[in-house]
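Trainee: One predicted model, sequence on top.
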Amino acid sequence: MNVLSVCAQIFVTVTILIVWIWRFDNIVVEFKKYGIPDVLRNLVGATKIVLSTFLILGIWYPQFVAIPAILMGVLMIGAQYEHFKVKNPWKKHLPSFILLVLSVFMAVVNFKYISL
């Protein structure tokens with residue numbers, strides 16, 4: 001399962017970096033459509049990039065995966081909410097839904113490394 005988690009960590013990180021760095025112009029348009037201020041958009045983007053950094057760090061240090069995965073999942077739930085709010089077609093929901101599922105998977109697999 002750890003190999004699948006590492007694959008998920010890489011996939012989520014690469015996806016976040018592509019969307020939030022190379023396709024940022026699309027993000028600007030989408031967030032305007034949702035009525036979300038630029039400051040919040042930038043905060044969400046910075047948060048996703050930081051969380052992605054922890055997911056990659058988690059390849060070598062698994063204790064860094066569960067919390068960022070949970071937080072990424074929360075952000076993806078927010079994305080799903082916004083898609084529903086503006087009544088986007090289902091194909092627009094799919095990317096954030098896939099990242100949500102992968103985030104839950106990573107959190108469950110790596111939760112054992114959290115010392116409570």
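Mentor: Everything's here; your move.
Trainee: Can you name every helix or strand that the helix-or-strand element of the chain with minimal mean pLDDT contacts?
Mentor: Sorted by mean pLDDT, DSSP states H and E, the helices and strands of the chain end with helix 24-34, the least confident at a mean of 92. Judged by 3 or more Cβ pairs under 8 Å, 6 or more residues apart in numbering; DSSP states H and E, the packing partners of helix 24-34 are helix 38-57. Using the backbone N, CA and C atoms, a C-beta is placed for each residue, glycine as well.
Trainee: how far out from the middle of the chain is the helix it packs on?
Mentor: Taking Cα atoms, centre = their mean, to the nearest Å, the mean C-alpha location of helix 38-57 is offset from the chain mean by 8 Å.
Trainee: List the buried residues of it.
Mentor: 41, 44-45, 47-48, 51-52, 54-56 (16 or more other Cβ atoms under 10 Å).
Trainee: and the most centrally placed residue in the chain, what is it in contact with?
Mentor: Among the residues of the chain, residue 72 comes closest to the average C-alpha position under Cα atoms, centre = their mean, at 4.2 Å. Residue 72 makes contacts with 12, 48, 51-52, 55, 99, 103, as judged by Cβ atoms under 8 Å, 6 or more residues apart in numbering.
Trainee: The host helix or strand of residue 14 to helix 38-57, inter-axis angle?
Mentor: Using DSSP states H and E, residue 14 sits within helix 2-17. Angle of helix 2-17 versus helix 38-57, following axes from the mean of the first three to the mean of the last three Cα atoms, to 10 degrees, is 150 degrees.
Trainee: which secondary structure elements does helix 2-17 contact?
Mentor: Using 3+ Cβ pairs under 8 Å, 6+ apart: helix 2-17 touches helix 38-57, helix 90-110.
Trainee: hmm, back to that, now do the least confident helix or strand of the chain: everything it contacts.
Mentor: With Cβ under 8 Å, 6+ apart, helix 24-34 has contacts from 19-20, 38, 40-41, 45, 82, 85-86.
Trainee: circling back: kindly state which of the helices and strands packed on helix 2-17 is positioned closest to residue 3.
Mentor: Nearest of these to residue 3, taken as Cβ to Cβ: helix 90-110 at 10.1 Å.
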